[in-house]
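Student: From the sequence below, what's the structure:
(one chain, ligands or ions: 1)
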Amino acid sequence: MQTAHTLDVLRKLVASLREDGSGERATIGLVPTMGALHEGHLTLVRRARERCDHVVASIFVNPTQFGEGEDLDAYPRQLEEDAAMLQREGCSLLWAPTVEAMYPQGFVTNISVSKVSEGYCGADRPGHFDGVATVVCKLFNQVQPDMAFFGEKDFQQLAVIRAMARDLDLTLPHVHQIIGVPTVREADGLAMSSRNRYLSSEHRAAAATLPRAMKEAIARIEDGQEVPPTLAALEDELLSAGFDSVDYAALADASSLAPIDTLSGAAARLLVAARIGGTRLIDNMAAG
Ligand code: AMP
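Tutor: Purely as a prediction, here's the structure:
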């Protein structure tokens, strides 16, 4: 596996991956990450390997998607360890730009996706999805992959990226497909996240209430119980289990992300963000 830290080097290495000697243009799958890799990220790499000749993974802790008072400085950084994991998974190229390479002096552009970015994490983290959309658009242009792989763990993020790619015509000729990969979970159901390492052992044990309570709420809603009181009960259960607060617990249409109060047969998603021991956890599951 080769590593690029600057755009010039990245472009040369991507070009050489494209011409791998077979005479055909080799395909490239992009897996964008912020590092501190776990099985969730590695699953994206494996899906990309199954479908593309080469995998390019990016590691970039993107400052523009962190708000004031968030964990930008504390966010775990472990490039060497991550590189070794990516190499073991058969990744061809690691793109690990510096902040200066990504946002050179004078950078003034912002991509803002409306509608799907509003509400939920968009409401709790102003500017977050602008930062995500802008950096992902840059990654698409830099690598020009055939496919890009994202986790359903960040369900609203996936919706924002799909909307951006559609609206800015990024799906052709650069990224033919954006692939969503189901959330990878720990044995007790907690969605894997680089932020789980912030949790004390007590909070880590209590955090497993989140997926369990979400599953129960979905079962009740599918059983015909009313949505608002079921969501209120879910919030209460999280608070009793030791969560400090619940940013949102909502049932949404799975494609528009508009909040819904009943299951209508269209795909729906339960979306939750809640804080425990100073750490904000998010999760989502299909309903209906
Ligand atoms: P991050 O490094 O947190 O920005 O995540 C990079 C990519 O990995 C995003 O597309 C995430 O949605 C995805 N991802 C993170 N955690 C998981 C997980 N537990 N299962 C599947 N994908 C994940």
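Student: Give me every residue in the stretch 151-288 of the chain lying close to the ligand.
Tutor: For the stretch 151-288 of the chain, the contact set with the ligand under Cβ under 6 Å from any ligand atom comprises Gly151, Lys153, Asp154, Val181, Thr183, Val184, Ala191, Met192, Ser193, Ser194. C-betas here are computed from N, CA, C, even on glycine.
Student: With neighbour count and secondary structure added, can I get these in CSV?
Tutor: As requested, these are arranged in CSV below (neighbours: other Cβ atoms under 10 Å; DSSP: H, G, I helix; E, B strand; the rest coil):
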residue, neighbour count, secondary structure
Gly151, 22, strand
Lys153, 21, helix
Asp154, 19, helix
Val181, 20, strand
Thr183, 19, coil
Val184, 18, coil
Ala191, 23, strand
Met192, 19, coil
Ser193, 24, coil
Ser194, 18, helix
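Student: which pair in the residues you listed spans the largest distance?
Tutor: Using Cβ to Cβ, the two most remote members of those are Val181 and Ser194, lying 16.0 Å apart.
Student: Same question for stretch 161-169: list its buried residues.
Tutor: Within stretch 161-169, the residues that qualify as buried are Ile161, Arg162, Ala163, Met164, Ala165, counting by 16 or more other Cβ atoms under 10 Å.
Student: closest point of the stretch 101-250 of the chain to the ligand, which residue?
Tutor: Minimum separation of the stretch 101-250 of the chain from the ligand (Cβ to the nearest ligand atom) falls at Gly151, amounting to 2.2 Å.
Student: Tell me where the stretch 101-250 of the chain has strands.
Tutor: Here the stretch 101-250 of the chain has its strands, by DSSP state E, counting those that start in this stretch, at 147-151, 177-181, 245-253.
Student: now the second one: mean pLDDT?
Tutor: Looking at strand 177-181 alone, the average pLDDT works out to 96.
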